[in-house]
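Novice: sequence and predicted structure are below.
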Amino acid sequence: MTTGPDGRSVIVTGASSGIGRATALAFAAQGARVLVADLDAEGARAVVEEIRKAGGTAVAVTGDLSDQQVVDRVTATAVERFGGVDVLVNNAGIMDRMSAAADVSDAEWERVIRVNLTAPFLLTRAVLPHMLAAGRGAIVNTASEAGLRGSAAGAAYTASKHGVVGLTKSLAVMYRGKGIRANAIAPGGTKTAIVVDAEQGAHGPTALGPHFVNVGRLAEAEEQAAAIVFLASDAASNINGVILPVDDGWSAV
């Protein structure tokens with residue numbers, strides 16, 4: 001954001017629960033107008049209601065963010081209701097089954113890449129013209145510890161989050177002269193509702209097991225949200241292309 005968050009238009013994806021919900025609430029508490037985007041319609045409406053009851057402004061758009069039509073609807077709604085898009089938080093994501101490459105099915109690979117990498121790209125591409133027209137904007141992506149190493153998830157999730165890191169850095173370089181910044185957080189273990197449906201006897205979980213000794217404590221979703229809000233704020237005005245671990249030092253091990 002180029003000024004304080006008060007009155008700014010913010011899109012947060014995956015905002016019905018976990019890090020996304022905490023981020024939507026944090027922006028709203030600072031006066032931002034928030035578009036809550038999620039596949040879970042009931043959860044999204046609940047977050048909007050929570051924001052409104054606290055005196056904030058929010059609207060929900062539900063659907064699969066890997067669908068171009070849903071992406072277009074999210075963008076159009078933010079522009080129509082809030083006058084533009086000042087901040088985009090690409091947070092929505094899914095886990096893989098911790099599968100090693102030889103065990104990844106086509107369906108697992110394609111779904112994880114589509115949701116975790118293609119969807120953020122599609123939404124970023126959709127909002128960029130509006131940010132460029134305004135001459136300002138902040139994009140914050142949720143990467144992962146798995147985007148910094150090869151030992152934090154399965155092949156599909158790891159590849160998708162490395163892709164998010166690359167997308168973030170490319171955006172930072174390409175658009176730094178246009179008033180647009182792009183950064184990402186790399187959460188370590190965080191208390192959310194995300195579930196890993198892993199086959200414990202499979203090679204992937206067996207190989208990864210020893211690497212989870214030094215993960216540190218689990219973060220609260222609000223701790224991840226605070227980092228996102230900071231990266232979108234004026235306080236981070238010269239921070240661009242950064243992948244910020246929020247992981248209790250796991251990435252330092």
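Specialist: Nice, I can see it.

Novice: distance between stretch 118-129 and the chain's centre?
Specialist: Centre-to-centre, stretch 118-129 and its host chain are 12 Å apart (C-alpha atoms, centre = their mean, to the nearest Å).

Novice: what residues are up against residue 10?
Specialist: Residue 10 makes contact with 24, 27, 32, 33, 34, 35, 86, 87, 88, 89, 232 under the criterion C-beta atoms under 8 Å, 6 or more residues apart in numbering. Every residue, glycine included, has its C-beta placed from N, CA and C.

Novice: how many residues are close by the last one?
Specialist: Right, the one you point to is residue 232. A count of nearby residues for residue 232, using other C-beta atoms under 10 Å, gives 26.

Novice: residue ranges of the strands in the stretch 1-150 of the chain, please?
Specialist: Using DSSP state E, counting those that start in this stretch, the strands of the stretch 1-150 of the chain run over 9-13, 33-38, 57-62, 87-90, 137-142.

Novice: helices or strands next to the longest helix along the chain in the packing?
Specialist: Using DSSP state H, we find that the single longest helix of the chain is helix 155-175. Packed against helix 155-175 by the contact rule (3 or more C-beta pairs under 8 Å, 6 or more residues apart in numbering; DSSP states H and E) you find helix 106-113, helix 119-134, strand 137-142, strand 180-187, strand 243-246.

Novice: figure out which of the ones you listed is closest to residue 79.
Specialist: Residue 79 lies closest to helix 119-134 among the helices and strands packed on helix 155-175, at 6.1 Å (C-beta to C-beta).

Novice: so can I have JSON lines of the contacts of residue 10 showing pLDDT and distance to residue 175?
Specialist: Putting these into JSON lines (pLDDT from 0 to 100; distance: C-beta to C-beta, whole Å) gives the following:
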{"residue": "24", "pLDDT": "98", "distance to residue 175": "24"}
{"residue": "27", "pLDDT": "98", "distance to residue 175": "21"}
{"residue": "32", "pLDDT": "98", "distance to residue 175": "21"}
{"residue": "33", "pLDDT": "98", "distance to residue 175": "23"}
{"residue": "34", "pLDDT": "98", "distance to residue 175": "23"}
{"residue": "35", "pLDDT": "98", "distance to residue 175": "21"}
{"residue": "86", "pLDDT": "98", "distance to residue 175": "14"}
{"residue": "87", "pLDDT": "98", "distance to residue 175": "14"}
{"residue": "88", "pLDDT": "99", "distance to residue 175": "12"}
{"residue": "89", "pLDDT": "99", "distance to residue 175": "17"}
{"residue": "232", "pLDDT": "98", "distance to residue 175": "15"}
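
Novice: brilliant, that's me finished.
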